[in-house]
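Visitor: give me a 3D structure for the following:
(2 chains)
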Amino acid sequence: MKKTKLGEFEELVLLTVVVLQTEAYGVEIKRELEERLNENLSVGSIQSALKRMEEKGFLTSKFGEATKKRGGKRKRIYTATNYAQQVLSELKELRKGLWEAVPQAIVNLKSLS
Amino acid sequence: MKGKITTAPPKWPLKLLKFFIKENYLEEIEGDMEETFQDTLNTHTKKQAKFKYAIEVLKLIKPALVKNLEGTYKLNNFGMFKNSLKTIIRSSIKYKFYTTINILGLVIGISGSLIIWEYIKHELSYENFHVHADDIHRLTSEYGNNTGFNVHWARTPHNWVNDLVAELPEVKAHIRFQNHAPRIVKVEKKSFKEKYAFSVDSTVFDVYSLQFIHGNPKSALAEPFSVVLTESIALKYFGDKTSLGKTIQILNDGESILEDYQVTGVIEDLPTNTHLPINMLTSFRNSSERQGWAYNYLLFEKEANIESVKQKIDSLITKHAPVNENEYNKLHLQSIKDIHLHSNLAREITPNGDIFYVQIFGVVGFFIFLMAIINFTNMTSTRSLEKSKEVGVRKVLGSNRVSLFKYFLTESMFHSGISSMLALGVIFILAPNFQDISGISIEFDLYFFNILIFFMILTGLIGGIYPATIVSGLKPIHALGGSVKIKNDNAGISFKQVSVGIQFIICIAILSSAMITWKQFDFIQSKSLGYDPEQILAITNSPLGAQAGYENFKHEVKKIPGIIEVSASMQAPSTEIRDSAPIYYEGIKESEKNIVMDIQVVDTNFVDFMKMNLLAGSGFSENLRSQERPPESASLEKFHQHLRNSRREYIINETAMKQIGATSPTDVIGYQFAWMGSFALQKGPIVGVVKDFHQEALHNTIDPLVMIYEPVWLRTFLVKTEARNLQKTLSSLEDVWSEMFPDYPMESHFLDDMFHQLYQSEQRQKEILLIFSSLAILIALLGLLGLISFLIQNRIKELAIRKILGASPLSIILIFGRGFFIKACMAFFLAFPSTYYFMESWLNGFAYRISISGVEFFMAFLTLLLAISITIILRVNISSSRNPAEILRYE
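Guide: Sure, this is the predicted structure:
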């Protein structure tokens, strides 16, 4: 597997999409990530990541409902594809494997600091 | 703070969004932005929210979201570029002929312009390696009197100069370079005669930036009898061994024995771009040595006001210089950076260049570049016939005008790039040859490559913009349906007309100027000088000891078979005479007193020896020789006495005769005359008038001249040899010399070589000019070839039919070349007046010049017509070797 398939930020966004299920649209994803990361994100970075992943085939999207808050504009709901799910679990396995291989002593030291 | 839902986000960012965000993303993104805005209103003030909104908009400018650029932007563009390149290469190969002409023209143009650029850069860079170059000025002296005589020397003779300069507070340092004549140097057993071996103040290293390899600049010349060598001189004297601390022996002016000097330093060789070459520098032996002729350089404070200094000097002169009501002395300052190109005084250290040549080459270089680009543009745009189909297909497939424009611009940049690389190769190969001719070595440093790239981009852009604009605007329907009508290029004023016309004008101008220049130089070099310099060997600058032995030498040398005669003079013919002083003449009217003339000292047989034409009188009488000259060892007093009291006879030249008011040579014979220089000579009779002869280069008019016999002042020995067995004769001569004067090397040159030397710099400029003119003409011809080929290509059916119907070559030439011939005529009438005027003013700078007839211009015109005709015939023959039936069949 090529490691360049998914960037770090993209991975985070993708996971958030999976988490949010039917409510996964731009601003909501942004709110969720901002809360978890505890830092501000720009609409642009989120949108950019979403569009790129759509290109690469990790996401599909369709229009949702319009609200007054959005000035009458519809939102776009994103869903992770099967391919995306597969890649995500591959990455998870990869990381899990590495973490398990970390020598016990280091882990202990880390927990001491 | 609760925000009201009715607060809207600022309008202008929205507009921006609409402008650059992809259409299909707009709704979602706008919505997201709006929602975020409303959220922000919950936590920030309206103003802050609006500000944040604007920032967010800016942050939306990301490649993934912006119009016209897919997520794979970079990949896509590169792919397009690769495709363009492929098509460009294919089309270049398909139309080999035109591509070759294009590239050849550009290669010549770029390499020619670059080389000229290097030349100009070098000429303008003189003295720039001196850190203080901006503040160093040379002091020159001008002398004149009221007979109209005036001379401006590059060096000063007056001792009061030192005191005058001391009164100028703006001067940080005053250095004098003395001993400009070559000095004899003895190293271990070997003798040398070194040029540019100056004695100079110890402060010279504060003024001039001379890089020390060994030794300390602060102390190197502090002590008397110290010498600093340049690297190559040190190598010559001592090979690889260190020279520091070693002793060499030098013969100084006015001394008869060698003196010991210690080597206290070695400096790097000076680069070529200086007017003051240096081989070695010696310190002054004592403080009183700082007198007499010297090249003076002043280092000024940075803030010095040179203008006010000049005025001060003018007023100080009246204080220091002795005043004589009939003459004047002036001192001038020249910035050393101006010397090489703008100074042309008497007794310059080395012959200088001339800003004139720099300008000429600049113009020629510009023309070369201009024509190369014009050709390039024309060639590219005239191929629209072939291109139009390509353009039509591309447009049908969806190209827009902009990308087509970019494509064609890429094509011209590509050609420009290839040509530049080839030009680089050409320059690299030719660099040594260029160095031989001009003395300039081309450095392939970063600066050079920058210029090359600049030229490449400039050519590609200028040459490509116009054709790209035209070609990308072609309409597909014209291209694909039916044949494209090419505007009739023989009528009307289009870019092509004008450019061809310009090229013709340039051609005629260059051809005729080249011919005139050639004729002028030929004329100068072959004009009769007034005597026969052939096969006379001049032994120059013999030291005091050798001069004393002259009579002996003459006697011994004449014994050698192959030696015809021996004579001597003070200044070798071909060198300048500027030893001038007032004269006395018996028959002179009161108002014409104070005429000044040059003096040349000769042996009694000089006039016959040089085969000069004695118009009247009998020449020097032999009994002049019976006067005893003081021996070498005699005191200075004795010498002065001898010079003042000896009996004198005078020979003058025609110009001198005219200046004293006589019309016929015989009129002056017998009258009393005297030359009143630093040693007022005795009055004596005029015993001869010689026909004017050229002592110096033909540049200068002949000055009035006085000749006397004085053995003490005979510094140049002249030996006339037979042409047969020259080598043997010469070696016998050298043997006699080294036997008689073992301590002094014999420095000799043939007179005709010395004369040729005078014209060396002209010769060199002439060669360079001719080379570049030919280049310019070559480019023009290439352009002509391309245009004519294209023209014939266009009308190939017409040509085929005419040939079938039996048209003669002449009529074909006339028909197809009509447009060109007309333009050639117009070019002639336009080029003639300006070139004529320009050449006239150039020729006026010569004392002896040819006159311009119209011949050269007609020749240039005819050559052009001939070139056009030959090109047409060649192309016609090549094209008509195809079967006419084939040509006519295609529709």
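
Visitor: could you say what helices and strands whichever strand or helix holds residue B:687 packs with?
Guide: Of the helices and strands defined by DSSP states H and E, residue B:687 is found in strand B:684-690. Under the contact criterion of 3 or more C-beta pairs under 8 Å, 6 or more residues apart in numbering or on different chains; DSSP states H and E, strand B:684-690 touches strand B:614-617, strand B:650-653, helix B:654-659, helix B:665-668, strand B:672-675. Heads up, the C-betas are built off the backbone N, CA and C, glycines and all.

Visitor: can you tell which of the ones you listed is closest to residue B:346?
Guide: Shortest separation from residue B:346 across these is recorded for helix B:654-659, at 18.1 Å, computed as C-beta to C-beta.

Visitor: for that closest one, packing partners?
Guide: Helices and strands touching helix B:654-659, by 3+ C-beta pairs under 8 Å, 6+ apart, are helix B:665-668, strand B:684-690, strand B:705-708.

Visitor: mind putting the ones you listed into JSON lines with mean neighbour count and mean pLDDT?
Guide: Output for the helices and strands packed on helix B:654-659, formatted as JSON lines (neighbours: other C-beta atoms under 10 Å in any protein chain shown; pLDDT from 0 to 100):
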{"stretch": "helix B:665-668", "mean neighbour count": "18", "mean pLDDT": "82"}
{"stretch": "strand B:684-690", "mean neighbour count": "22", "mean pLDDT": "88"}
{"stretch": "strand B:705-708", "mean neighbour count": "23", "mean pLDDT": "87"}
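
Visitor: show me which residues of chain A sit near chain B.
Guide: For chain A, the residues in contact with chain B (C-beta under 8 Å from any C-beta of the partner chain) are A:25-27, A:30-31, A:42-45, A:47-49, A:51-52, A:55, A:63, A:66-71, A:73-76.

Visitor: low-confidence ranges in chain A?
Guide: Counting by pLDDT under 70, chain A contains low-confidence ranges at A:1-4, A:105-113.

Visitor: mind redoing it with 50?
Guide: Applying pLDDT under 50 to the predicted model, the residue ranges of chain A that meet it are A:1, A:113.

Visitor: what about the residues of chain A next to chain B, which are in helices?
Guide: Counting by DSSP state H, the residues of chain A next to chain B place A:26-27, A:30-31, A:43-45, A:47-49, A:51-52, A:55 in helices.

Visitor: and the spatially most central residue of chain A, what helix or strand is that in?
Guide: Per C-alpha atoms, centre = their mean, the C-alpha nearest to the average position across chain A is that of residue A:13, at 2.0 Å. In the assignment (DSSP H and E), residue A:13 maps to helix A:8-20.

Visitor: so which elements touch that helix?
Guide: Using 3+ C-beta pairs under 8 Å, 6+ apart, helix A:8-20 sits against helix A:26-37, helix A:43-56, strand A:74-80, helix A:82-101.

Visitor: which ones are touching the closest residue to chain A within the stretch 1-150 of chain B?
Guide: Of all residues in the stretch 1-150 of chain B, residue B:31 sits closest to chain A, at 3.1 Å by C-beta to the nearest C-beta. When contacts are counted by C-beta atoms under 8 Å, 6 or more residues apart in numbering or on different chains, residue B:31 is found next to A:66, A:70, A:71, A:73, A:74, A:75.

Visitor: residue B:634 too?
Guide: Residue B:634 sits next to no residue when contact means C-beta under 8 Å, 6+ apart.

Visitor: A helix includes it, no?
Guide: No: secondary structure assignment places residue B:634 outside any helix; it is coil (DSSP: H, G, I helix; E, B strand; the rest coil).

Visitor: which pLDDT does the model give it?
Guide: With respect to pLDDT, residue B:634 scores 72.

Visitor: same check on residue B:796?
Guide: In this model, residue B:796 is scored at 77, pLDDT.

Visitor: phi, psi of it?
Guide: Phi and psi for residue B:796, reported as degrees, to the nearest 10, are phi -70, psi -30.

Visitor: in chain B, which helix is the longest?
Guide: helix B:401-438.

Visitor: and the very next helix or strand once past that helix with helix B:401-438, angle?
Guide: Tracing the chain C-terminally past helix B:401-438 and defining elements by DSSP H and E, one meets helix B:446-472 next. Angle, helix B:446-472 to helix B:401-438, by axes from the mean of the first three to the mean of the last three C-alpha atoms, to 10 degrees: 140 degrees.

Visitor: and the longest helix of chain B, which residues are buried?
Guide: The neighbour-count check on helix B:401-438 (16 or more other C-beta atoms under 10 Å in any protein chain shown) flags B:404-420, B:422-424, B:426-427, B:431, B:434, B:438 as buried.

Visitor: among those, which ones lie close to chain A?
Guide: Restricting the buried residues of helix B:401-438 to those near chain A - C-beta under 8 Å from any C-beta - leaves none.
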